[in-house]
Structures are given as structure tokens and as C-alpha cells.
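Asker: test case, fold it:
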Amino acid sequence: MKKSKKYILKKNLSILDVAVLIGFNSQNYYSIIFKKFNNFTPIEYKNIYN
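Answerer: Okay, here's the model as predicted:
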């Protein structure tokens, strides 16, 4: 998850790109797991920290 946070903040990568890079086959499942660990969805995280 730490690595995915760095990828999320890169402007040239979509959330799907990040999910695939860290080994998920589904953007939806990745978002669910990300939120479970971080209390934000990947998009919320990107909007807050970008």
C-alpha cells in the first residue's frame, strides 16, 4: 500500500494503472482494499494530497 500511495500521486498514472502495477486485477477491488487500510478511496487520496 505504501508504494501505491506514491504511484497515485504521479499525475500520469490512472487508478487502474496503479492497481495493475501493484498486482491487482480489478480497480474496484484495489479501491476497496485501499480504503480499508487508509480510510480514503484512491481518488479521495489523490485529491487531498495532490
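Asker: the nearest residue to residue 1 once chain neighbours are set aside: neighbour count?
Answerer: Of all residues not flanking residue 1 in the chain, residue 37 sits nearest, at 5.1 Å (C-beta to C-beta, 6 or more residues apart in numbering). No exception for glycine: its C-beta is placed from N, CA and C like everyone else's. Counted by other C-beta atoms under 10 Å, the residues lying close to residue 37 total 11.
Asker: contacts for the lengthiest helix in the chain, please.
Answerer: The longest helix of the chain (DSSP state H) is helix 27-38. With contact meaning C-beta atoms under 8 Å, 6 or more residues apart in numbering, helix 27-38 is reached by 1, 4-5, 15-16, 18-19, 22, 24, 40-43, 45.
Asker: let's see it at 10 Å
Answerer: Outside of helix 27-38, the residues within contact range by C-beta atoms under 10 Å, 6 or more residues apart in numbering are 1-2, 4-5, 8, 14-20, 22-24, 26, 40-45.
Asker: got the contact list for the residue nearest to the spatial centre of the chain?
Answerer: Nearest to the mean C-alpha position of the chain, counting by C-alpha atoms, centre = their mean, stands residue 42 at 4.0 Å. Residues in contact with residue 42 (C-beta under 10 Å, 6+ apart) are 4-5, 7-8, 14-16, 18-19, 27, 30-31, 33-35.
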